[in-house]
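This is a predicted model, with the sequence first.
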Amino acid sequence: MNVIFDIDGTLVHSSNFDGACFTAAVRDVHGDVSIRSNWDSYTHVTDQGLIEQIAIENRLVDARVDDVKTRYVARVDAHLAHAPEDCIAVSGAQAMLQTLQPHHRLALATGGWRDVQKIKLAKAGIAADLPMFSSDGIAPRVAIMAACYAAIGDPETDTLYVGDGEWDMRACSELGWHFIGIGIRLKGKCEKWVEDFTCPSFFRYLEMIDNH
């Protein structure tokens, strides 16, 4: 089976600081532009999607994506140098990946930019040599996930995505993938849900999907 994971909120807890770092990075480059407080109100809740829409809504001639990305990476790196406790692995994540890797085709498909996500994974101690597909140059989450499948997916088997956001559920519905929700934001909102990867039900769901 193809098993694809989101990163933020799925493998790594980091949401208590990265939004502020992203906002600050945008304003480092573009000044006091208007940025919505609710990320879910943007069309594409990905780093690329956010900066593109912020540029349009603020009538910026150039989104200066590379400059914003550079500042974002620097701010995340600086923050975690002083507060490493703000980026930790979701409970059971490392052991779960080690258990699954010999038996399934695994990959990462994230709405974040690659360089930022690599920092978070390293700081959280997630050591898995997996293909990563990010939002560098790609705004829609569905397109990132589809690119991941095109590169690593085995069409002879089912595909499962594990994520923590309602946007992940919507993308999976559009792609016809199985979905397991993780974390507090999806509690009570999806059929298959776990608090973290220490929950035995995660592996039961996996077996159920694999054998359906």
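In hand now; what should we look at? Residues are numbered from 1 along each chain as shown.

going forward, measure contacts between C-alpha atoms and count neighbours the same way
Will do.

got a list of what L108 touches?
For L108, the contacting residues are 4-7, 130-133, 148, by C-alpha atoms under 8 Å, 6 or more residues apart in numbering.

Considering these, which possesses the most neighbours?
Neighbour tally across those (other C-alpha atoms under 10 Å): the maximum, 27 neighbours, falls on I4.

Kindly indicate whether that one is helix, strand or coil.
strand (DSSP: H, G, I helix; E, B strand; the rest coil).

so it makes contact with Q101?
No - the pair I4 / Q101 is not scored as a contact, 11.3 Å apart, by C-alpha atoms under 8 Å.

on that earlier part again, nearest to I119 among the contacts of L108?
Using C-alpha to C-alpha, I7 is the member of the contacts of L108 that lies nearest I119, at 11.5 Å.

Which residue is the nearest non-sequential neighbour of that closest one?
In space, and not counting its chain neighbours, I7 is closest to T110: 6.0 Å by C-alpha to C-alpha, 6 or more residues apart in numbering.

what's around the one you found, how many residues?
26.

Then the one 5 residues further on?
Here the neighbour count serves as a burial measure; for D115 (other C-alpha under 10 Å) it reads 14.

OK, contacts around it?
V73.

same deal with T10?
T10 neighbours (C-alpha under 8 Å, 6+ apart): 90, 162-164, 182-183.

mind listing the helices in this protein by residue range?
Under the criterion DSSP state H, helices of the chain are mapped to 18-30, 47-57, 65-82, 93-100, 114-124, 141-152, 166-175, 200-210.
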